[in-house]
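1. sequence first, then the predicted structure, then my questions.
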Amino acid sequence: MKILNNLKLRFSENTGINVARYILSLIATLLIGIILIVANNADIGVAVRELFKGAFGSKIAIGNTIHWAIPCMLVGIAASVAFKSGVFNLGLEGQLYFGALVAACVGYMIELPPIIHHFACIFAGGIAGLLYALIPALMKLYFKVDEVISTLLMNYIAVLATEYITLLLIRGNSATSTQSILTPFIHKSAELTPIIKGTSATTGLFIALGIILIVYLLYKYTLTGYEMKMVGQNLEFSKAGGVNANKMFVVIFLVSGFIAGICGAVEVLGVNHRFIAQFSSNLGWDGVMITRVAGNSPVGVLLVSFIWAAFKTGAMQMERATTLNRYTMNLLQALFVLFISIDYGMLYFKYKAKKAREAIGKEEK
Amino acid sequence: MSEKNPNLSEYVLETRDICKYYGSLKANDHISLKVKRNTIHAIVGENGAGKSTLMGILTDTVKPDYGDIILNGEKVVFKNPMDAARHGIGMIYQEFMLAPNFSVFENIIVGFEEKNGAFIDYKKSREKVERICHDYGFNLPLDDLINELPVAMLQQIEIVKVLYRGADLIIMDEPTSTLTPQGIEGLFQAMRVLKESGKTILFITHKLKEVFEVSDEISVLRLGKYVGTYSPDSLDQQKLANLMVGREVILQANKKPGELGETILSVKNLSVVDEDNIQRLKNVSFDIHAGEILGIAGVAGSGQQYLVKTIFGLNKAAEGSKIEYLGEDITNSSPRENRAKHIGYVPQDRMGMGCDTRSSIWENAIMGYHRAHGFNPKWLINHKEANAFTDKVVDDFAVKVQSINNNVGSLSGGNVQKLIVGREFSQDNKLLLIEDPTRGIDVGAIEYIWAKLLEFASQGVAVLLVSHELNEVMELSDRIMVMYNGELYNGGKYGELDESALGLLMTGGEAKQYEDFE
Ligand SMILES: Nc1ncnc2c1ncn2[C@@H]1O[C@H](COP(=O)(O)OP(=O)(O)OP(=O)(O)O)[C@@H](O)[C@H]1O
Ligand SMILES: [Mg+2]
């Protein structure tokens, strides 16, 4: 009960600034969007309406937004765990691929009762991501290979390796193009249940929310979380304080890989119901962007993921209904990242300082 | 303009009613200060008195809430720090601001290069730098890279840099705290030359001896307020200390050598070879007993840091070395293990190793404590207990904080040091490894930390005290050892050798003579 009480966000000055940060950025992005729309000779009213309609306009639309928000949240939180501690795991994409493949295999090869099957697939996917993350972690530890480079390169290996393994698995069936390099469908018992009928908004949402909550609690209430944060803040200080930095580095890497693997698994169980070679459209990079925008905070990742997803679904609807194309939205998304990077805290304190000056000035008179 | 005629205003700088508030905390509260042209003007005050804040305002790195700056008789409003530099105000920062992988010359001219059209005129820039070095008697290796140079040299580079930028008023915020005694002498020499050639220097220090040695005028700040400006002739150290703190301060430790107990730490034949294969420690051996303070004096860089770091487990000891703690072999055991055995550590590099400025005060306070003592259950942060421990440190060591949820970066330098010392002193440690515990701390706080150290020792704690302040080692230690070139020499018991004898040992002079001392 006490934990629940503490959970309530205290509305401090900093929280206020962060809320303002998102609202202001959103407004600014929309304003520029309007200019772009006008320049494209499209009707603003229609475009904005279609955008909102696409993202939130109907049950289906909301479902689609949630569908996109789920992987964004998972890969975003995977990235934030690593980045917050100064571990540059850019291999999320690769870890996610292995997670997806292994989850699909567990999904179609084994028969289990529903809930248990979900957990088996997701856990197996997580472990696959974790093991794939273990390689660069050990390379850094024992051979001093910079993880930025090793993880980046291992992404390519992962995409092609999973494709190759899939080919081996489905040997006998003919496969001609990449599109058809895919595993058989998973059993119904492994499929995640849609929470909104007719969409891919599944119970995966609760898994994503649960993991974000766990990460939040980890940082706030556990010593491991505290050490994970401090290692990222100041390594020398942490070492002198008795933190086992090498062990921490590996732990962080593995946790990040584990969550990325889960992300892949949830995509398989919730959306495609099978592993499709080269299925991810750079989700790993979305994760990196999301955590940057979110300032590596779990709550931030949650918010940003939904905004990210809304842009994605809204843009598709807008493209269908107007003369605008989807790249307009990509541009706006990039602008949103830019606006959010503005140091609103500094602006706010400058404003406060100005107020203080005026106040003292009056007092003097 | 007034520059042409120095008689126009006697004061090069005047501040009028400068205010800077951080929330309800008044860092600067209507400070009106006058600085005479062509003088060395010392600014003193307790930790958190507002000295750095005021200097920040003069260089426009901190924006004042209220008040005017009068420079050469005219009111000025700076647009940005560069603008302040253009007005002839130069600052030597405590933490040096030099780019490590660039040459000395490049570091000096950066941002203010002589131009030939759109291009940098290296020849002209070079001539200007060389002329400054020559005029003021600095001998700098202009083409060497920064990361190859010693601290004292870096400071000279900073000085040449502000001179190159045309500074008339040079601000030095605690410039002596990182220097060796020789380095300090060199700095004072340079300061006098600067004064002779018409510059004005604002000089912040916590060492009262230095104040009386170089300054022409002394201004005192207390709790954000201006107390007054005094001539050194009208004061002595005791009176000045009382003015700063607002009460009577005792400047001596008044140590009473006590009973020694069992052997706590025993170091035998400790050698350390660093990554570049340079031998840093050579067969160092000593014991520390319960209740004993063993002081290690020595010129900075003689190997003291390697000694402490190796005992604590942050550095590997060479083959054949042995470190025993309460009879148990702890050679090369990790800091985590050592902390769990009640060994505490105050590192010399307080910003790098002692704290994290971007984390909150409580997060900094529980570092080390969190594992060595742990919470209940072991793996959870008990916020209540963490806060209680932090409050205790903050209260016991008079750390000036607004809220323990604020970042350490918002504390003044001395208060950061008090927090670090307090953290290590508050964990019922049996052995304390301490480097420069009073660096950058005001006299009132030194008095307090010294008293605490002696109190701990009298309760049976063993202390290894490494200090670059010879006075501190002499005041506190039951036994003194001098480190020179990676070796330890006997420096006698409390009060046995005087300052000059120890000074001689520190520079390697007649070391042999004392080797069989005892
Ligand atoms: N950015 C900040 N936010 C909040 N408080 C601050 C900030 N900077 C300084 N302070 C507070 O203002 C007061 C004055 O700080 P300042 O750094 O000027 O002290 P100082 O005289 O230089 O002390 P020291 O001798 O310890 O360096 C301190 O109490 C400090 O905690
Ligand atoms: Mg200061």
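-> That came through fine. Ligands and ions are numbered 1, 2, ... in the order given.
2. low-confidence ranges in the stretch 251-365 of chain A?
-> For the stretch 251-365 of chain A, residues meeting the criterion pLDDT under 70 lie at A:345, A:349-350, A:352-365.
3. and the helices in it?
-> A:283-293, A:298-321, A:326-340, A:344-364 (DSSP state H, counting those that start in this stretch).
4. and those helices as CSV, adding distance to ligand 2 and mean neighbour count?
-> C-betas here are computed from N, CA, C, even on glycine. Listed next are the helices of the stretch 251-365 of chain A as CSV, based on distance: least, C-beta to the ion, whole Å; neighbours: other C-beta atoms under 10 Å in any protein chain shown:
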stretch, distance to ligand 2, mean neighbour count
helix A:283-293, 34, 23
helix A:298-321, 34, 21
helix A:326-340, 34, 17
helix A:344-364, 20, 13
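5. format those helices as JSON lines; extra columns: distance to B:Asp216.
-> Shown next, in JSON lines, are the helices of the stretch 251-365 of chain A (distance: least, C-beta to C-beta, whole Å):
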{"stretch": "helix A:283-293", "distance to B:Asp216": "53"}
{"stretch": "helix A:298-321", "distance to B:Asp216": "54"}
{"stretch": "helix A:326-340", "distance to B:Asp216": "53"}
{"stretch": "helix A:344-364", "distance to B:Asp216": "32"}
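6. so in chain A, which helix runs the longest?
-> When chain A is parsed with DSSP state H, its longest helix is helix A:114-143.
7. so that one, near chain B or not?
-> No - using C-beta under 8 Å from any C-beta of the partner chain, helix A:114-143 never reaches chain B; the gap is at least 15.7 Å.
8. also stretch A:73-89?
-> No - taking C-beta under 8 Å from any C-beta as the criterion, stretch A:73-89 and chain B are apart, separated by no less than 11.9 Å.
9. how about that stretch as PDB, C-alpha atoms only?
-> Extracted in PDB, the C-alpha atoms of stretch A:73-89 (Å, rounded to 0.1, in the frame of the first residue of the first chain):
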ATOM      1  CA  MET A  73       7.300   1.200 -25.700                       C
ATOM      2  CA  LEU A  74       9.200  -2.000 -25.400                       C
ATOM      3  CA  VAL A  75      12.100  -1.100 -27.700                       C
ATOM      4  CA  GLY A  76      12.100   2.400 -26.200                       C
ATOM      5  CA  ILE A  77      12.400   1.100 -22.600                       C
ATOM      6  CA  ALA A  78      15.100  -1.400 -23.800                       C
ATOM      7  CA  ALA A  79      17.100   1.500 -25.200                       C
ATOM      8  CA  SER A  80      16.600   3.700 -22.100                       C
ATOM      9  CA  VAL A  81      17.900   1.000 -19.700                       C
ATOM     10  CA  ALA A  82      21.100   0.900 -21.700                       C
ATOM     11  CA  PHE A  83      21.500   4.600 -22.400                       C
ATOM     12  CA  LYS A  84      20.700   5.800 -18.900                       C
ATOM     13  CA  SER A  85      23.700   3.800 -17.700                       C
ATOM     14  CA  GLY A  86      26.000   5.000 -20.500                       C
ATOM     15  CA  VAL A  87      25.900   1.600 -22.300                       C
ATOM     16  CA  PHE A  88      25.500   2.200 -26.000                       C
ATOM     17  CA  ASN A  89      23.600  -0.800 -27.100                       C
END
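10. list the buried residues for that stretch?
-> A:73-85, A:87-89 (16 or more other C-beta atoms under 10 Å in any protein chain shown).
11. do the same with stretch A:30-41
-> For stretch A:30-41, by 16+ other C-beta under 10 Å, it's A:33, A:36-37.
12. now tabulate these in JSON lines and tack on secondary structure, pLDDT and distance to chain B.
-> Listed next are these as JSON lines, based on DSSP: H, G, I helix; E, B strand; the rest coil; pLDDT from 0 to 100; distance: C-beta to the nearest C-beta, whole Å:
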{"residue": "A:Gly33", "secondary structure": "helix", "pLDDT": "83", "distance to chain B": "34"}
{"residue": "A:Leu36", "secondary structure": "helix", "pLDDT": "83", "distance to chain B": "34"}
{"residue": "A:Ile37", "secondary structure": "helix", "pLDDT": "81", "distance to chain B": "38"}
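13. quick one: which of these is nearest ligand 2?
-> A:Gly33 (47.7 Å; C-beta to the ion).
14. returning to that earlier point: from the buried residues of stretch A:73-89, which two are the most distant?
-> Maximum pairwise distance among these (C-beta to C-beta): 20.7 Å, between A:Met73 and A:Phe88.
15. where do the helices sit along the stretch 1-150 of chain A?
-> Using DSSP H, counting those that start in this stretch, helices in the stretch 1-150 of chain A cover A:2-7, A:13-39, A:44-52, A:59-84, A:92-109, A:114-143, A:147-169.
16. could you dump those helices into JSON lines and include distance to B:Asp29?
-> Shown next, in JSON lines, are the helices of the stretch 1-150 of chain A (distance: least, C-beta to C-beta, whole Å):
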{"stretch": "helix A:2-7", "distance to B:Asp29": "37"}
{"stretch": "helix A:13-39", "distance to B:Asp29": "23"}
{"stretch": "helix A:44-52", "distance to B:Asp29": "52"}
{"stretch": "helix A:59-84", "distance to B:Asp29": "39"}
{"stretch": "helix A:92-109", "distance to B:Asp29": "52"}
{"stretch": "helix A:114-143", "distance to B:Asp29": "51"}
{"stretch": "helix A:147-169", "distance to B:Asp29": "49"}
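17. tell me which of the ones you listed lies nearest to B:Pro377.
-> helix A:2-7 (13.3 Å).
18. any idea of the mean pLDDT in the closest one?
-> What helix A:2-7 shows for mean pLDDT is 36.
19. do the same with stretch B:106-115
-> 84.
20. stretch B:193-213 now?
-> 92.
21. export that stretch to PDB, keeping only CA atoms.
-> C-alpha atoms of stretch B:193-213 as PDB (Å, rounded to 0.1, in the frame of the first residue of the first chain):
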ATOM      1  CA  VAL B 193      54.600  40.600 -11.600                       C
ATOM      2  CA  LEU B 194      51.100  41.100 -12.900                       C
ATOM      3  CA  LYS B 195      50.300  43.700 -10.300                       C
ATOM      4  CA  GLU B 196      53.600  45.500 -11.100                       C
ATOM      5  CA  SER B 197      52.600  45.800 -14.700                       C
ATOM      6  CA  GLY B 198      49.300  47.400 -13.900                       C
ATOM      7  CA  LYS B 199      46.800  44.500 -13.600                       C
ATOM      8  CA  THR B 200      44.300  44.000 -10.800                       C
ATOM      9  CA  ILE B 201      43.800  40.600  -9.200                       C
ATOM     10  CA  LEU B 202      40.800  39.300  -7.300                       C
ATOM     11  CA  PHE B 203      42.000  36.300  -5.300                       C
ATOM     12  CA  ILE B 204      39.800  33.800  -3.500                       C
ATOM     13  CA  THR B 205      41.300  31.400  -1.000                       C
ATOM     14  CA  HIS B 206      40.500  29.600   2.200                       C
ATOM     15  CA  LYS B 207      44.100  29.700   3.400                       C
ATOM     16  CA  LEU B 208      44.500  32.700   5.600                       C
ATOM     17  CA  LYS B 209      48.300  32.600   5.600                       C
ATOM     18  CA  GLU B 210      48.200  33.200   1.800                       C
ATOM     19  CA  VAL B 211      45.800  36.100   2.300                       C
ATOM     20  CA  PHE B 212      48.400  37.900   4.400                       C
ATOM     21  CA  GLU B 213      51.200  36.900   2.200                       C
END
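22. before we move on, the earlier item: would you turn the helices of the stretch 251-365 of chain A into TSV with distance to ligand 1?
-> TSV is the format used below for the helices of the stretch 251-365 of chain A (distance: least, C-beta to the nearest ligand atom, whole Å):
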stretch	distance to ligand 1
helix A:283-293	25
helix A:298-321	24
helix A:326-340	24
helix A:344-364	9
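23. between the ones you listed, which one is closest to chain B.
-> When the helices of the stretch 251-365 of chain A are compared by C-beta to the nearest C-beta, helix A:344-364 sits nearest chain B, at 4.2 Å.
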